[in-house]
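Asks: Sequence and predicted structure below; questions after.
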Amino acid sequence: MTTADYLNRSRLFRRLSSGPHGQHASHFASRLIRDGLRQQGIWRSLNLFRDLMRWTAANKSAPADLNEHVIEAFLRFRAERQGIQPGDRAALARLLSALRESGLVAPAEIPQPTEHEAIFQAFSDYLAKERGLAPTSVLRHLPVVRQFLQELCPSGAADFGKLDHEDIIRYIERHASDWSADTGRAMCWALRAFLRYLYFKGLVSLALADCVPSIRRWKFSSLPTYMSAQQVQRVLDRCDRSTALGRRDYAVLKVLAKLGLRANEVAVLTLDDIDWRSGEMLIHAKGRRQSVMPIPPDVGAAIVAYLRDGRPHSSCRRLFLRMLAPHVGFASGCAITMLAKQALDRAGIHGYAHRGAHLFRHSLATDLLRSGATFSEIGQLLRHESTDSTRIYAKVDIDALRQLSLPWPGGMQ
């Protein structure tokens, strides 16, 4: 039964569409069908719409007055009575969007940005347009800048002139050890970039970025975590390929395990990136670089199986889509990382400090090295800019390292 047939046979929808808010219900239902919701999702959304209309009538307000503030008040009321279910906020946001598209509700108010938000926006534009940073890299800077402004510049730009080198040094001393050494380094990077921006724009008269220290972190001091080829295969085998979700997850994991792609590289793949005639795939790598990789037959077969019997109908051109409506691409590589973690849990793979999409990348490199591949070949496959990034895998080639070891003084014991 299609969703349109379900609506025609639904007593709940017939009651709503013939009631005083029938026009609103019809526009909402059309939006639900367009977004690809299944029967259960449509039923829950319509029930939520019915409860919202009853609540607005009890509070003597009209549906035309709906906005974000009214929705929040309704959710607080609902939380006290029966609790808020997962998806309620998304359904109400979809309702507001549908009613605004049809002109039944006033457009959303454009909030006036605060002083700090205006600074964030100007700094983001600078990083993206003048420094060429990717959107995900820009977002990593903002939490650091937000905390810095709240602590040292609560009044916004008016406090920039009061900053001096001692303020910056004391701030870093207070927060450098809040988390790990890597997080401390990231904080210094973001803070240095922001202070350079202030000096470049003439908002401060001192070159404050010069006093931001570098946090020492021994490069390549740790060992890459990796799985054996048998463990990787076990993760792949635990995907239930009889379902659409399982076919999608299997195709994603195949791309991670056989091509060594990063999580974000998988998330941004599009249908147009695959050239089936030449058997190649265009990868959008770090630093806005692009590279073309051949598609192994087993990876291509997994993608084809997903496209034929797993990928939802959608106008979105992303290769891998969310299974829940709306059927769009993943927001970021974080979703791919979570998908990989869930796959590792299903296979019972535990005991790794770093569990996610990158574990498959390390496993591929380690397996290739042990199979006789050269560092140059591995670096080319993984698209490393520096050979040092590839040499770290020499630490896990125990057989080769054993040949280089010196004899123990005094002989064997």
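Replies: Great, that's in hand. Small disclaimer: the values here were computed from a predicted structure and weren't measured. Numbering: from 1, shown residues only.
Asks: domains of this structure?
Replies: 3-101, 115-211, 229-400 (automatic domain parsing).
Asks: Quick check: which of those is nearest to A108?
Replies: A108 lies closest to domain 3-101 among those, at 6.9 Å (CB to CB). Backbone N, C-alpha and C define where each C-beta goes, glycine included.
Asks: thinking again about what came up before, mind putting the domains of the chain in TSV, distance to E109 and mean neighbour count included?
Replies: What follows is the domains of the chain, written out as TSV (distance: least, CB to CB, whole Å; neighbours: other CB atoms under 10 Å):
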stretch	distance to E109	mean neighbour count
domain 3-101	7	16
domain 115-211	15	15
domain 229-400	24	17
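Asks: need those in TSV with distance to P107 and mean pLDDT, can you?
Replies: Formatted as TSV, these follow (distance: least, CB to CB, whole Å; pLDDT from 0 to 100):
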stretch	distance to P107	mean pLDDT
domain 3-101	6	88
domain 115-211	20	88
domain 229-400	21	87
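Asks: Turn these into a markdown table, including distance to A108.
Replies: Converted to a markdown table, the domains of the chain look like this (distance: least, CB to CB, whole Å):
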| stretch | distance to A108 |
| --- | --- |
| domain 3-101 | 7 |
| domain 115-211 | 17 |
| domain 229-400 | 19 |
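Asks: and A207, what does it touch?
Replies: Y199 (CB atoms under 8 Å, 6 or more residues apart in numbering).
Asks: Distance of A134 relative to N264?
Replies: 9 Å (CB to CB, to the nearest Å).
Asks: Got phi/psi on the spatially most central residue of the chain?
Replies: Residue closest to the average C-alpha location in the chain (CA atoms, centre = their mean): S332, at 2.6 Å. Taking degrees, to the nearest 10, you get phi -160, psi -180 for the backbone angles of S332.
Asks: my guess is it contacts A134, does it?
Replies: No - using CB atoms under 8 Å as the test, S332 is too far from A134 to be in contact (11.0 Å).
Asks: what touches both of A134 and N264?
Replies: Shared contacts of A134 and N264 (CB under 8 Å, 6+ apart): none.
Asks: hmm, who's touching stretch 178-185?
Replies: Here stretch 178-185 makes contact (CB under 8 Å, 6+ apart) with H175, A176, S177, S214, I215, R217.
Asks: for the third one, what are its contacts?
Replies: Under the criterion of CB under 8 Å, 6+ apart, the contact list for S177 reads G184.
Asks: Equivalent analysis for the second one, please.
Replies: The contact partners of A176, taken as CB under 8 Å, 6+ apart, are G184, M187, C188, I215.
Asks: And the furthest pair within these?
Replies: Checking these with CB to CB, the most distant pair is M187 and I215, at 8.4 Å.
Asks: Now the residue nearest to P113 when sequence neighbours are not counted: phi and psi?
Replies: Once flanking residues are discounted, P113 sits nearest to Q121: 6.8 Å by CB to CB, 6 or more residues apart in numbering. When quoted as degrees, to the nearest 10, the phi and psi of Q121 stand at phi -70, psi -40.
Asks: For Q121, give its distance to L127.
Replies: 11 Å.
Asks: which helices and strands does the helix or strand encompassing T136 pack with?
Replies: Per DSSP states H and E, T136 falls inside helix 135-152. Applying 3 or more CB pairs under 8 Å, 6 or more residues apart in numbering; DSSP states H and E, we find helix 135-152 packed against helix 115-125, helix 165-175, helix 181-200.
Asks: can I get those helices in JSON lines with distance to F74?
Replies: Compiled in JSON lines, those are given as follows (distance: least, CB to CB, whole Å):
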{"stretch": "helix 115-125", "distance to F74": "27"}
{"stretch": "helix 165-175", "distance to F74": "40"}
{"stretch": "helix 181-200", "distance to F74": "39"}
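Asks: coming back round to it: just list the residues touching the residue nearest to the centre of the chain, thanks.
Replies: Neighbours of S332 in contact, by CB under 8 Å, 6+ apart: T136, N264, A267.
Asks: what's the answer for A257, then?
Replies: A257 makes contact with V232, V235, L236, F360, S363, L364, according to CB under 8 Å, 6+ apart.
Asks: neighbouring contacts of stretch 135-148?
Replies: 116, 119-120, 123-124, 127-128, 171, 175, 186-187, 189-191, 193-194, 264, 332-333.
Asks: quick one: V299 and Q147, what's the gap?
Replies: Taking CB to CB, one finds V299 at 42 Å from Q147.
Asks: Out of the contacts of A176, which comes closest to G36?
Replies: Nearest to G36 among those, with distances taken as CB to CB, is M187, at 41.3 Å.
Asks: Show me where the stretch 1-150 of the chain has its helices.
Replies: Along the stretch 1-150 of the chain, counting by DSSP state H, counting those that start in this stretch, helices occupy 3-9, 11-17, 22-34, 39-58, 68-81, 88-101, 115-125, 135-152.
Asks: and the longest one, how far out from the chain's middle?
Replies: By that I understand helix 39-58. 30 Å (CA atoms, centre = their mean, to the nearest Å).
Asks: same deal with stretch 112-124?
Replies: Using CA atoms, centre = their mean, the offset of stretch 112-124 from its chain centre is 23 Å.
Asks: got it, and stretch 66-83?
Replies: The answer for stretch 66-83 is 28 Å, by CA atoms, centre = their mean.
Asks: residues in contact with that stretch?
Replies: Counting by CB under 8 Å, 6+ apart, 51-52, 55-56, 61, 84, 88-89, 92-93, 95-96, 99, 105-106, 108-109 sit against stretch 66-83.
Asks: what are the C-alpha coordinates of that stretch, in PDB please?
Replies: Output in PDB follows, covering the C-alpha atoms of stretch 66-83 (Å, rounded to 0.1, in the frame of the first residue of the first chain):
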ATOM      1  CA  LEU A  66       1.900  29.200  14.900                       C
ATOM      2  CA  ASN A  67       5.600  29.900  15.200                       C
ATOM      3  CA  GLU A  68       8.600  28.500  17.000                       C
ATOM      4  CA  HIS A  69       7.600  30.000  20.300                       C
ATOM      5  CA  VAL A  70       4.100  28.400  20.200                       C
ATOM      6  CA  ILE A  71       5.700  25.100  19.300                       C
ATOM      7  CA  GLU A  72       8.100  25.200  22.200                       C
ATOM      8  CA  ALA A  73       5.200  26.100  24.600                       C
ATOM      9  CA  PHE A  74       3.200  23.100  23.300                       C
ATOM     10  CA  LEU A  75       6.200  20.800  23.700                       C
ATOM     11  CA  ARG A  76       6.700  21.900  27.300                       C
ATOM     12  CA  PHE A  77       3.000  21.100  27.900                       C
ATOM     13  CA  ARG A  78       3.300  17.800  26.200                       C
ATOM     14  CA  ALA A  79       6.400  16.900  28.200                       C
ATOM     15  CA  GLU A  80       4.600  17.400  31.400                       C
ATOM     16  CA  ARG A  81       1.600  15.200  30.400                       C
ATOM     17  CA  GLN A  82       3.000  12.300  28.300                       C
ATOM     18  CA  GLY A  83       6.600  13.100  27.400                       C
END
